[in-house]
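[1] This is a predicted model, with the sequence first.
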Amino acid sequence: MLRVGIVGFGFMGRMHFRCWKAREDAQVVAICDANPNIKEDAQKDVGNIDGAESGMDFTGIEVYQDFDAMLEKAGVDAISLTLPTYLHPEFTARALSRGVNVLCEKPMALTAADCDQMVEAAQQSGKILQVGHCVRFWPEYAKAKELVDSGQYGKVVAATLQRLGSPPGWSIDNWFVDESRSGGVALDLHIHDTDFVQYLFGMPQAVCSHGGKAPAGHVIHIVTQYDYGDDKVVTAEGGWGMAPGFGFEMSFNLVLEKATIVYDLTRDPAFRVCPVEGEPFTPEVAPGDGYTREIEYFAKRVQGEAVDEVLTLEQSRDSVRIVDAEKESIEKNEKVALR
C-alpha cells in the first residue's frame, strides 16, 4: 500500500486527491498546505472543470503546514506536488533527497535550467520523478497518438489544437496571472498542447508565435505554428482571456492523408475518426480521464511494475524549452529556432 501525501491543496491538489482516493493500492495519509484553514476552504468549489469538487473527507489524514515536518513524520512513499510552478524545483529536490517519489504537476518548472536541476536531483536520488502532462494520458488524445503512429491513415497533413477558457481567478492571491510564479498562459495552459505536439511529432525545428495581450500588458492568448521542416502545418492555440460565461473547451483536428481525427467537447460525439473511405466512427478508448491514468502510470512505476514509456523527464523539460521559444517569438515578432 503506497502512502501518499499531497502538497498544495488547491484545484489540482483536489484533483490528485480524488484520483488517489479511488485507488486500492494507495492511501492518502497527509496533506500539506500553507493555508491554516484548508479543511474549511476545501468545502468550497474551485476550478474550471469537474473532478475537484468541494466536500473533501479528511478522515484519517494528517494535515501539515510545514513540508519538512510532513516528510519527517508522515512516512510517505510518494507525493503529488501541486504547488505553484515556481516552487516545483525546490520542493521536488527536498522530497527526492528524503527518498520520496514525486509526481510533479505541469509545467515542470519556469525555465529549462530549473528543469535540468530537477532531472539531476532525480538521478542522484534514484527515486521516481514524473511530470503531470495529463494530456498524454487523456484517452482520446492517447488513441489519436496511437492512430497517427500506426500509419494506417497515412501521414499527417495538418494538425490544429485549441485550449480556451476564462481567466483562472480561483487561485490563492491570483498567482496564475503572475508570470514570475506561473509562467503565464503560455507555460501554464498552452503547454498542454505544446507538449502533445512534441509527443506526436518530436521537437520542432522552430516556432512562430503571436500573442494577444490584456490591458495590463501580459499575454492572455497565444497562437503558435510549429515548423518541422516539411509540408505539414501544425498549429496550437491557447487562451484564458475568454469571457466568464464561456466556460472551458479543448479540442483537436488532425488531418491525415486518409482520414481526419476530431476531438471537440462541443460536438456529439466528441471523438470521431472520419475516413476518406467509409463512415465516421468513434474508436474505443481507455476508461477514466488523464489525471486518473497518469496517476496509475506513476503508481505502477513507483511499485516497480513494467510500463510502456509515455513520457520522460527530458521531454517534460523540452516542452518548457519550446514554450520559452514561443514566448521569445512573441517578444521579437519573429520565428525562433530550436535546433
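    Good, I have the coordinates.

[2] per-residue confidence for D173?
    Per-residue pLDDT puts D173 at 67.

[3] oh sorry, the question was meant for D268
    At D268, the model reports a pLDDT of 93.

[4] State the phi and psi torsions of it.
    D268 adopts backbone torsions of phi -140, psi 110, taken as degrees, to the nearest 10.

[5] State the distance from it to I220.
    Distance from D268 to I220, counting by C-beta to C-beta, to the nearest Å: 30 Å. C-beta: built from backbone N, CA, C; applies to glycine.

[6] So those two - more neighbours on which side?
    I220 (21 against 7; other C-beta atoms under 10 Å).

[7] where's the more buried one, which helix or strand?
    strand 219-227 (DSSP states H and E).

[8] Run me through the strand neighbours of that strand, direction for each.
    Sheet partners assigned to strand 219-227 using DSSP bridges are listed as strand 206-213 (antiparallel), strand 233-239 (antiparallel).

[9] What score does the residue nearest to S319 when sequence neighbours are not counted have for pLDDT?
    In this structure, S319 finds its nearest non-sequential neighbour in D195, 4.2 Å apart by C-beta to C-beta, 6 or more residues apart in numbering. As predicted, D195 sits at a pLDDT of 98.

[10] Correct me if wrong: D195 contacts C134.
    No. The criterion here is C-beta atoms under 8 Å, and D195 misses it with C134 at 9.7 Å.

[11] Overlap in contacts, these two.
    K106 (C-beta atoms under 8 Å, 6 or more residues apart in numbering).

[12] out of those two, which sits in the more crowded spot?
    Applying other C-beta under 10 Å to D195 and C134 shows that D195 carries more neighbours, namely 27 against 21.

[13] For T160, see how far away the more buried one is.
    Using C-beta to C-beta, D195 is found at 16 Å from T160.

[14] re earlier: can you check which of the strands paired with strand 219-227 gets nearest to R339?
    Judged by C-beta to C-beta, the one of these that comes nearest to R339 is strand 206-213, at 8.2 Å.

[15] Pull out the buried positions in that closest one.
    By neighbour count on 16 or more other C-beta atoms under 10 Å, the buried set for strand 206-213 is A206, V207, C208, S209, G211.

[16] now, which of those residues sits nearest C104?
    For the buried residues of strand 206-213, the nearest to C104 is V207 (24.4 Å; C-beta to C-beta).

[17] what's the distance between the closest one and D195?
    In terms of C-beta to C-beta, V207 sits 13 Å off from D195.

[18] now the strands for this structure?
    With strands called from DSSP state E, the chain shows them at 2-7, 26-32, 62-64, 78-81, 101-105, 129-132, 156-165, 206-213, 219-227, 233-239, 248-256, 259-264, 271-275, 336-337.

[19] Columns mean pLDDT and distance to G184 on top of these, output as a markdown table?
    Formatted as a markdown table, these follow (pLDDT from 0 to 100; distance: least, C-beta to C-beta, whole Å):
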| stretch | mean pLDDT | distance to G184 |
| --- | --- | --- |
| strand 2-7 | 98 | 23 |
| strand 26-32 | 97 | 26 |
| strand 62-64 | 96 | 30 |
| strand 78-81 | 98 | 20 |
| strand 101-105 | 98 | 16 |
| strand 129-132 | 98 | 18 |
| strand 156-165 | 97 | 14 |
| strand 206-213 | 97 | 9 |
| strand 219-227 | 97 | 6 |
| strand 233-239 | 98 | 11 |
| strand 248-256 | 97 | 18 |
| strand 259-264 | 98 | 25 |
| strand 271-275 | 98 | 30 |
| strand 336-337 | 98 | 17 |
